[in-house]
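Q: okay, sequence plus prediction incoming.
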Amino acid sequence: MIMIPQSTSFRFSSNSFAFSPAVTSRSLAAPFNRSPSSAALSFIRFPNYRSALPPPRSSVSKSKSVRVQAMAAEDGKDPRLARISSAIRVIPDFPKPGILFQDITTLLLDTKAFKDTIDLFVERYKDKEISVVAGIEARGFIFGPPIALAIGAKFVPMRKPNKLPGKVISEEYSLEYGTDIMEMHVGAVEAGERALIIDDLIATGGTLGAALRLLERVGVHVVECACVIELPGLKGRERLGDKPLFVLVNGDA
Ligand SMILES: O=P(O)(O)OC[C@H]1O[C@H](OP(=O)(O)OP(=O)(O)O)[C@H](O)[C@@H]1O
Ligand SMILES: Nc1ncnc2[nH]cnc12
């Protein structure tokens, strides 16, 4: 992960929107560039996950955190997306000053929002003849397995270095300072298989890009990359070339 601190290049206090690769962000974003409590979303009840948690060390209000909208549903107004967005806690200055951390652990506490998240991915991928769901350590291990089980695919962990016990193939990728390595077991996938890569979040795109290269090196066809959250200000999808990226909600970097 590359954590990019707040700078003049990125607006950490502004809100954003989410979109589908199939639907332009601008057309969907406009009604939601106001507060989620605005008229556009007033019909939606947001979960109050904070009541189930000790007070966060630091947090920003929902209206200043992740801003919704929308892709998955064909009409771009699937109400499940608002609940998902609302269930993601945003913590400023974690793990270091200037980072606006998108915390999906609160989404996992909201059983409806968590299920909706999995359902949205399953609905999209169930008929795409995907045989491999490749999940990226660590948070891709949360979302990947239930999706894999539901669509009848195997789950393949893409791990940080020296974690997998068998023979591995590795892919180095760049970080903000230096590099990291991603590994996958040899024999976990076969040439010609169709894969979905899943992670919780795309920021700079370095991590997803490495997973993509690793799978393509062994002849796997990556159908799509998918994340719960995109930080569009960091332009991570540009590092995926022309590989499609599907996201549920957008957040600020
Ligand atoms: O698009 P990028 O800039 O590459 O960043 C995105 C990655 O960063 C986070 O993982 P992290 O590296 O923090 O690992 P963790 O899930 O083990 O904490 C996130 O879960 C993604 O995998
Ligand atoms: N802002 C962020 N929140 C959570 N995970 C991240 N990985 C990279 N940037 C992140």
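A: Sure, I can see it. Ligands and ions are numbered 1, 2, ... in the order given.
Q: low pLDDT regions in the stretch 51-200 of the chain?
A: 51-76, 176 (pLDDT under 70).
Q: for ligand 1, what's the nearest residue on it?
A: Using C-beta to the nearest ligand atom, the single residue of the stretch 51-200 of the chain nearest to ligand 1 is A138, 3.6 Å away. Quick note: C-beta positions are derived from backbone N, CA and C, even for glycine.
Q: and G206, what does it touch?
A: Each residue near G206 by C-beta atoms under 8 Å, 6 or more residues apart in numbering is listed here: 2, 173-175, 236, 239.
Q: helix, strand, or coil at the residue of the stretch 51-200 of the chain at minimum distance from ligand 2?
A: Taking C-beta to the nearest ligand atom as the measure, the stretch 51-200 of the chain has Q102 as its residue closest to ligand 2, at 3.9 Å. Using DSSP: H, G, I helix; E, B strand; the rest coil, the structure places Q102 in strand.
Q: ok, now how distant is the residue nearest to A210 when sequence neighbours are not counted from A211?
A: Nearest non-adjacent residue to A210, counting by C-beta to C-beta, 6 or more residues apart in numbering: Y173, 3.7 Å away. When distance is defined by C-beta to C-beta, to the nearest Å, Y173 is 9 Å away from A211.
Q: who's more crowded, these two?
A: Between Y173 and A211, counted using other C-beta atoms under 10 Å, A211 has the larger neighbour count: 26 against 20.
Q: beyond the host helix or strand of that one, next helix or strand please.
A: Element membership of A211 [criterion: DSSP states H and E] is helix 206-217. Moving toward the C-terminus from helix 206-217, the next helix or strand (DSSP H and E) is strand 221-230.
Q: touching ligand 1 at all, that following strand?
A: No: residues of strand 221-230 are not located near ligand 1 by C-beta under 6 Å from any ligand atom, the shortest gap being 8.1 Å.
Q: what helices or strands is that strand leaning on?
A: Here strand 221-230 touches helix 111-125, strand 194-202, helix 206-217, strand 245-250, going by 3 or more C-beta pairs under 8 Å, 6 or more residues apart in numbering; DSSP states H and E.
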